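K.L.:
Make a model of this:
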Amino acid sequence: MKRNFSLLFFLKRRNTDQNGSTSVYLRITVDKKRSEAATGKQCKEEDWDNGKFKGRTEKAKTLNLYLHQLELKVQEAHRQILIRDEELTAQTLMNEFLGKKHRIRKLKEVFEAHNQEMEALVGIEFAPMTLLRYQTALRHVGQFLKEKQKIQDINIRKINHEFLTDFEFFLRTTRKCNNNSAVKYIKNLKKIIRICLANGWINRDPFANFKAKVKLIERPCLSEEQVTSLEIREFDNERLNRVRDIFLFSCYTGLAYIDIYQLKRSQIIDKNGDEKWIIINRQKTGTPTRVPLLPKAIILLSKYENHPLCTHHDKAFPVSSNQKMNAYLKEIADLCDIKIPLSYHIARHTFATTITLQNGVPIETVSKMLGHKDIRTTQHYAKTLDVKVGRDMAALKDKLATEKPVAKNTIYNYTITK
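P.N.:
Predicted coordinates for the structure are as follows:
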């Protein structure tokens with residue numbers, strides 16, 4: 001941290017009056033950045049010499065003593081900033097010298113204000129789960145400050161690289177977060193720091209040399225056989241049949257839970273006479289999603305045409321809460337002998353991999369239907385399954401087998417063009 005400064009008294013010649021007197025200013029410089037203020041005194045050009053009043057007259061001595069007292073006040077302001085261990089800049093030193101009380105902003109205070117604004121925008125710009133993640137990140141920050149730093153809050157200017165590495169260690173140890181969860185909470189904190197930078201509350205980015213990378217994880221999906229086993233299985237419990245149908249509909253459309261929960265009948269339109277399309281904007285990203293319905297998806301949709309909740313509220317399906325849906329899906333997985341930990345989001349992976357890519361749908365088309373902004377996101381969802389690799393290589397073998405064999409001892413002539 002910068003701890004030194006320079007002080008200069010000078011004539012600001014553009015502030016010269018009709019009598020030729022010019023205002024005397026003081027300039028504070030820290031790390032090549034300046035801040036200036038008027039001293040309240042004036043001097044003519046011929047009476048000024050190298051930062052002080054010229055001559056040995058009583059008036060000159062009094063004015064130079066005044067400048068010296070100002071210099072001592074600046075030095076005292078500098079000492080107070082160092083005692084408080086605050087960041088030294090030309091502006092903070094000038095404010096301290098002038099007695100301007102600057103507001104000390106605290107991390108939790110800024111974080112809480114951000115979350116309150118986000119809460120007001122839920123359903124407009126943010127999804128409820130996004131707010132929940134930031135609220136959880138704030139709780140982790142509060143616990144870290146209390147248990148590890150032994151304070152209730154911290155001046156945002158004191159957040160540095162050491163603070164970030166200690167917080168990351170706290171998340172991985174005390175909170176027992178896995179790598180990706182820890183990185184997400186750190187990214188939430190990073191957004192708060194960006195807000196502080198944008199508002200000029202801090203002048204340096206503590207994340208400048210801090211790196212935390214998300215690890216790619218293997219995303220499970222259902223195989224064709226597992227999807228078929230769900231389709232043909234009839235449960236004694238109507239609730240399980242309903243959850244199975246809604247889950248399968250997402251397997252055939254790629255819709256996330258929140259999008260299927262909010263899906264209205266009016267968002268399913270007829271195109272080209274005999275086609276049905278879902279046309280919505282994704283809740284998570286706001287990106288447009290256009291998905292033509294497969295025949296099996298249309299059959300599932302028609303099963304709930306007369307369901308009271310659907311008819312009264314223009315809903316496509318009577319969808320329970322995400323927590324209940326996932327609990328029921330685990331029960332369904334046990335009954336169908338599906339060994340992977342079944343959750344609703346697996347339907348989206350199944351659509352990307354088993355239903356589309358494995359059947360030859362280009363990844364660009366899949367990305368469009370999933371509503372992804374970046375095709376790299378789609379690549380994380382979609383695995384190239386062994387069965388697809390085997391099918392593609394079999395096609396290559398057939399193609400090579402039909403080509404004319406090349407005669408032995410054939411001499412290849414290459415013509416090089418310049």
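
K.L.:
Please point out which parts of the helix or strand containing Gln116 sit buried.
P.N.:
Using DSSP states H and E, Gln116 maps to helix 107-120. Buried residues in helix 107-120, counting neighbours by 16 or more other Cβ atoms under 10 Å, are found at 107-108, 110-111, 114-115. (Glycine included, C-beta is placed from N, CA and C.)

K.L.:
Repeat that for stretch 18-28.
P.N.:
21-28.

K.L.:
where exactly do the helices run in the stretch 201-350 of the chain?
P.N.:
224-232, 238-253, 257-262, 295-302, 308-313, 322-335, 345-350 (DSSP state H, counting those that start in this stretch).

K.L.:
Please name whichever of those is nearest to Glu147.
P.N.:
Comparison of the helices of the stretch 201-350 of the chain against Glu147 by Cβ to Cβ identifies helix 322-335 as nearest, at 29.2 Å.

K.L.:
Contacts for the closest one, please.
P.N.:
230, 233, 235, 239-240, 243-244, 246-247, 257-258, 261, 319-320, 338-344 (Cβ atoms under 8 Å, 6 or more residues apart in numbering).

K.L.:
Equivalent analysis for stretch 268-281, please.
P.N.:
253, 255, 259, 262-263, 267, 287-293, 298, 301, 316, 371.

K.L.:
now with 7 Å?
P.N.:
Stretch 268-281 is contacted by residues 253, 259, 263, 267, 287-293, 298, 316 when judged by Cβ atoms under 7 Å, 6 or more residues apart in numbering.

K.L.:
Between those residues, which sits nearest Tyr66?
P.N.:
Thr287 (65.2 Å).

K.L.:
Need the phi and psi values for the residue lying closest to the closest one once chain neighbours are set aside.
P.N.:
Spatial nearest neighbour of Thr287, chain neighbours left out: Gly371 (4.6 Å); criterion: Cβ to Cβ, 6 or more residues apart in numbering. The phi and psi torsions at Gly371 (degrees, to the nearest 10) take the values phi 80, psi 30.

K.L.:
my guess is Gly371 meets Gly286, correct?
P.N.:
No. If you go by Cβ atoms under 7 Å, Gly371 and Gly286 don't touch, sitting 9.0 Å apart.

K.L.:
Who has more neighbours out of the two?
P.N.:
Set Gly371 next to Gly286 and count neighbours by other Cβ atoms under 10 Å: Gly371 wins out with 24 against 11.

K.L.:
List the contacts of that one.
P.N.:
Gly371 touches 282, 285, 287-289, counting by Cβ under 7 Å, 6+ apart.

K.L.:
Could you count how many residues lie near the nearest residue to Asp85 once chain neighbours are set aside?
P.N.:
Once flanking residues are discounted, Asp85 sits nearest to Lys158: 7.1 Å by Cβ to Cβ, 6+ apart. With neighbours defined by other Cβ under 10 Å, the count for Lys158 comes to 17.

K.L.:
Can you pull out the low-pLDDT segments for the stretch 301-418 of the chain?
P.N.:
381-388, 403-418 (pLDDT under 70).

K.L.:
Then the stretch 101-250 of the chain?
P.N.:
101-102.

K.L.:
so who does the residue lying farthest from the centre of the chain touch?
P.N.:
Ranked by distance from the centre of the chain (Cα atoms, centre = their mean), the top residue is Thr57, with 66.1 Å. Going by Cβ under 7 Å, 6+ apart, Thr57 touches no other residue.

K.L.:
and it, what pLDDT?
P.N.:
pLDDT recorded at Thr57 is 92.

K.L.:
do the same with the one 5 residues further on
P.N.:
At Thr62 the predicted local confidence, pLDDT, stands at 94.

K.L.:
Then it would be within a strand, right?
P.N.:
No. The assignment for Thr62 (DSSP: H, G, I helix; E, B strand; the rest coil) gives helix, which keeps it out of a strand.

K.L.:
What distance do you get for it to Val24?
P.N.:
Distance of Thr62 to Val24, given as Cβ to Cβ, to the nearest Å: 13 Å.

K.L.:
for Lys146, same thing?
P.N.:
51 Å.

K.L.:
Also Asp245?
P.N.:
83 Å.

K.L.:
Could you do Glu96 as well?
P.N.:
21 Å.
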